[in-house]
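# Sequence and predicted model, in that order:
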Amino acid sequence: MKKVAYIRGVVKKDVITKMLCQRLRPGDIALIAHADLDEIAAQELAERGVKAVINTCNIFSGDYPAQGTKILLEEGIFILDMVGGKIFSLLEEGERIVIRGDTVLSRGKKVARGRIMKKEIYSEQMLRAEENLNHKLDHFVQNTLKFARKEKSLILDKLAFPKLKTKIEGRHVLIVVRGKNYKKDLRAISSYIREEKPVLIGVDGGADALGELGFNCQIIIGDMDSVKDATLHKTGEIIVHAYPDGKAPGMARITGLGLQAKVIPAPGTSEDLAFLLAYEQKAALIVAVGSHSNMLDFLEKGRKGMASTFLVRLKIGAKLVDAKGLAHLYRSNLKWQSVSILLIAAFFPLAVLIALSPLVRHFLYLFFWKMKFF
């Protein structure tokens, strides 16, 4: 007899997955509206310890190789997708619900039905995504070139950067973005941060990752949609990224928190703006953690091209060091063989002292007999 999934738990819901992740607790059921779930969102859902994810949309359409579904399946998290948007109005935040097979129940009544995402379905969709990759790449390149012509002023003209309290000239600058493996990469270079003491710039939620390691940002840049209130209160300077026309929706949040911020209108992403700021302020070296630098990164962000990022990297490339993937190449934990060698080296001088000193030998002789007596 086929086993039917039966899951009970508290449901938390939000159409913006990164906002939902801030409220999730271990054992919760996450209700999202996230087509082609990206890797970062999936990592955060897994880190929060959810037992199930309900998605109103197709969690993996096979349009391109989105990695989020794979992460949830590897973590053993139950996935029910394509349940439809109506479920958001039928479930209340914090209520206990039941998932029985492919059906969602609230107070014993059926509220939605969807598709149980399994590894077999994922594998089929991934084959389709890989076949579609060349077409997707061609479209992505065309979009990038088209918008590069429109946004070339980003590197040809100088942006009007405000005067900063933080001194950047001649110093290393570390810029942290919510990107692939950004927390792992950040932990891998934590010794560099302590020794070099670079200027720390967090791009929105990237600033929270620095805080988790005990570092406070000197500067936070972004549209302020994912960084925590506590992190904003601890930072030295806040820069709100505005649209080229000057509109800055993020300022409403800053004002509501009683904080001060500078505004910079600019095309492109907040990540691009952070790099340009460090470059224009004459940073000696710019180290990037979690930065977006390839087609999949941008497709997962919902962007059809990377014009501004391509242009910015052309401009600052000589000073830029990307820490992406560093956690996979570098492990700071010592092996037992290394520890043994260190211990032997530490005890060698003591052994020589015991061998050469009659006083030490006499003391150890008395200590030995005293212990034997007791």
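Ah, there it is.

# Can you report how many residues neighbour residue 237?
Residue neighbour count, defined by other Cβ atoms under 10 Å, stands at 17 for residue 237. Yep, even glycine has a C-beta here, placed from its N, CA and C like the rest.

# scratch that, residue 251
The burial metric for residue 251, expressed as a neighbour count using other Cβ under 10 Å, is 17.

# I'd say it and residue 261 touch.
Yes. Using Cβ atoms under 8 Å, residue 251 is in contact with residue 261, at 6.5 Å.

# Could you tell me which residues touch both of these two?
With Cβ atoms under 8 Å, 6 or more residues apart in numbering applied, the overlap between the contact sets of residue 251 and residue 261 consists of residue 240.

# can you list the residues that contact stretch 69-77?
For stretch 69-77, contacts defined as Cβ under 8 Å, 6+ apart pick out 37, 39, 42-43, 45-46, 50-53, 59-60, 79, 117-119, 122, 126.

# Extract the C-alpha trace of that stretch and format it as PDB.
The C-alpha atoms that make up stretch 69-77 are tabulated as PDB, following Å, rounded to 0.1, in the frame of the first residue of the first chain:
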ATOM      1  CA  THR A  69      14.000  22.800  -5.700                       C
ATOM      2  CA  LYS A  70      17.100  20.600  -5.700                       C
ATOM      3  CA  ILE A  71      18.100  22.000  -2.300                       C
ATOM      4  CA  LEU A  72      14.800  21.500  -0.700                       C
ATOM      5  CA  LEU A  73      14.600  17.900  -2.000                       C
ATOM      6  CA  GLU A  74      18.100  17.100  -0.700                       C
ATOM      7  CA  GLU A  75      17.100  18.500   2.700                       C
ATOM      8  CA  GLY A  76      14.100  16.200   2.800                       C
ATOM      9  CA  ILE A  77      11.600  19.000   2.800                       C
END
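
# Residue 116 and residue 103 touch, don't they?
No. Residue 116 is not in contact with residue 103 according to Cβ under 8 Å; the separation is 10.1 Å.

# Residue 203: how many residues sit nearby?
Residue 203 has 32 neighbouring residues, counting by other Cβ under 10 Å.

# Surely it touches residue 277?
No. In this structure residue 203 lies outside contact range of residue 277 using Cβ under 8 Å: 10.5 Å.

# got any residues that touch both of those two?
In the contact map built from Cβ under 8 Å, 6+ apart, the residues linked to both residue 203 and residue 277 are residue 221.

# So which residues of the stretch 101-250 of the chain form strands?
When secondary structure is read from DSSP state E, counting those that start in this stretch, the stretch 101-250 of the chain shows strands at 103-106, 109-113, 115-116, 172-177, 199-203, 219-222, 237-242.

# Give the other helices and strands that the third one contacts.
What that stands for is strand 115-116. Under the contact criterion of 3 or more Cβ pairs under 8 Å, 6 or more residues apart in numbering; DSSP states H and E, strand 115-116 touches strand 78-81.

# how far out from the middle of the chain is whatever helix or strand comes next after the strand it packs on?
Moving toward the C-terminus from strand 78-81, the first helix or strand encountered (DSSP states H and E) is helix 87-90. When C-alpha coordinates are averaged (Cα atoms, centre = their mean, to the nearest Å), helix 87-90 and its chain have centres 29 Å apart.

# hmm, which of the contacts of stretch 69-77 are the buried ones?
Among the contacts of stretch 69-77, those scoring as buried are 37, 39, 42-43, 45-46, 50-53, 59-60, 79, 117, 122, 126 (criterion: 16 or more other Cβ atoms under 10 Å).

# which residues does residue 241 contact?
If you count contacts by Cβ under 8 Å, 6+ apart, residue 241 has them with 221, 222, 223, 248, 250, 264, 266, 270, 273.

# Could you rerun that using 6 Å?
Residue 241 makes contacts with 222, 223, 270, 273, as judged by Cβ atoms under 6 Å, 6 or more residues apart in numbering.

# neighbours of the residue lying closest to it once chain neighbours are set aside, just the number please.
When the adjacent residues along the chain are set aside, residue 241 lies closest to residue 270, with 4.4 Å between them (Cβ to Cβ, 6 or more residues apart in numbering). Using other Cβ under 10 Å as the criterion, residue 270 is surrounded by 23 other residues.

# separation between residue 270 and residue 30?
From residue 270 over to residue 30 the distance is 25 Å, taken as Cβ to Cβ, to the nearest Å.

# try residue 117
Taking Cβ to Cβ as the measure, residue 117 falls 14 Å from residue 30.

# Let me know the pLDDT of the closest residue in space to residue 316 that isn't next to it in sequence.
Setting aside the residues directly before and after it, residue 316 is nearest to residue 279 in space (Cβ to Cβ, 6+ apart), at 4.4 Å. The predicted local distance difference test score for residue 279 is 93.
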